[in-house]
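Novice: What shape does this take:
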Amino acid sequence: MKTAMKLLLASLSFAVVSAFASGGAEVHLDSAPINLKDTASLQRGAKTFINYCLNCHNAQFMRYSHLTQIGLTEQQIKDNLLFTTDKFGDTMVSALDPADAKDWFGGVPPDLTLSARVRGSDWLYTYLRGFYRDDASTTGWNNTVFKNVAMPHVLHDLQGTQAMGKVGEKRGHDGKMEPVMKLGLDRAGSMSPGDYDRTIADLVNYMTYMAEPARAQRTQLGVLVLFFLAIAFFVTLWLKHEYWKDVK
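Specialist: Reported below is the predicted structural model:
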C-alpha cells in the first residue's frame, strides 16, 4: 500500500511539473479528423510527411517498407517516396546535419515517430494550423499552442501567412478589459484554407498511424475479444443454470 501511494504521489507530482513546464495555460485544441481505415488519406499524409517533415526531423523507428501496410506497393514507394540515397528497408532519417540544426534552430529537431502518442493528434492538428508571423521571434514565426516555437513554418507556401490581430475586447478576471486576439490570413498560399486543413488532416492521420501502426488491428482485435467474452458469459451462465437446476 505504501509503495502504491508513493507511485501515485510521484505521478501526480510529475503531472504538475509537466503542466508548469508547458506554460500551464489551457489552449483550445481542434479535433483532428482521424480515420486510420482511410488508406487514401494515410498515403497522402505519408507523402506530405516525407516531402516536408523529413527535411529536418527523423522518424527513425519507422521504415519505408512499412508503408506497404497502408496500401502502397514497393514500386510506388521506390518511385515516389524514396530519396536518391534511401533504400526500401531503411528507416526514415533526415539528411540534416545535427551541427547545422543547432546553428539554425538552437537544437536538433525531435524525432517524430511517436509524436502523435506524446502530444496527441488534436495537438498536432491545431499546432500545424496555428503558425503566424511574429517579427519579435528568432525565426519570424510563432504558434498559438507552442509559444516562441523554434521551428519555422515550413508549410507557409501552402497555407499562406497568418497574422494575429485584435478582433475585440473582453473583461478579464481582474475586471479590466483585455484584447481578444484571433488569427487571420494575411497572405494567401497555394492552397485554399479548406484544402490546407485537409492536407494537415491527412498528415496528422499518417503521423497517428506511424506512432502505432498496429492500432487499427489492435482495436479490431479488442472488439472481437469483447464479443467472444460476451458469448462466453452467456454460455457459462447457461451451463451454471443447467448444472444447478436439479440441486435443491
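
Novice: what's the neighbour count on Thr199?
Specialist: The number of residues packed near Thr199 is 21, by other C-beta atoms under 10 Å. All C-beta spots, glycine's among them, are computed from the backbone N, C-alpha and C.

Novice: Point me to the helix or strand that includes it.
Specialist: For Thr199, the element it lies in under DSSP states H and E is helix 193-211.

Novice: That helix - contacts with which helices or strands?
Specialist: Other elements packing on helix 193-211 under the criterion 3 or more C-beta pairs under 8 Å, 6 or more residues apart in numbering; DSSP states H and E are helix 39-52, helix 115-119, helix 121-127, helix 156-159, helix 215-244.

Novice: Between helix 39-52 and it, find me the angle.
Specialist: Helix 193-211 and helix 39-52 meet at an angle of 90 degrees, taking axes from the mean of the first three to the mean of the last three C-alpha atoms, to 10 degrees as the criterion.

Novice: which of the helices and strands packed on helix 193-211 sits most buried?
Specialist: Mean neighbour count (mean count of other C-beta atoms under 10 Å) peaks for helix 121-127 among those, with a mean of 22.

Novice: Measure how far it is from the centre of its chain, please.
Specialist: 6 Å (C-alpha atoms, centre = their mean, to the nearest Å).

Novice: Return the list of helices and strands in contact with that helix.
Specialist: helix 115-119, helix 193-211.

Novice: Tabulate these in JSON lines, adding columns for mean pLDDT.
Specialist: Written out in JSON lines, the entries for those read as follows (pLDDT from 0 to 100):
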{"stretch": "helix 115-119", "mean pLDDT": "94"}
{"stretch": "helix 193-211", "mean pLDDT": "97"}
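
Novice: Pick the most deeply packed of those helices.
Specialist: Highest mean neighbour count among the helices and strands packed on helix 121-127 (mean count of other C-beta under 10 Å): helix 193-211, a mean of 21.

Novice: quick one: it to helix 215-244, angle?
Specialist: Per the same axes, to 10 degrees, the angle that helix 193-211 makes with helix 215-244 is 60 degrees.

Novice: what's in contact with helix 193-211?
Specialist: Residues from elsewhere that reach helix 193-211, judged by C-beta atoms under 8 Å, 6 or more residues apart in numbering: 32-36, 38, 41-42, 44-46, 48-49, 53, 59, 62, 70, 112-117, 121, 124-125, 128-129, 155, 158-160, 185, 189, 191, 215-216.

Novice: How is this structure partitioned into domains?
Specialist: Domain assignment for the chain by automatic domain parsing gives 26-213, 215-248.

Novice: which stretch in the ones you listed is the model least sure about?
Specialist: Mean pLDDT across the domains of the chain is lowest at domain 215-248; the value there is a mean of 81.

Novice: how far does that one sit from the chain's center?
Specialist: The answer for domain 215-248 is 37 Å, by C-alpha atoms, centre = their mean.

Novice: same check, this time on stretch 209-224
Specialist: Taking C-alpha atoms, centre = their mean, one finds stretch 209-224 lying 16 Å from the centre of the chain it belongs to.
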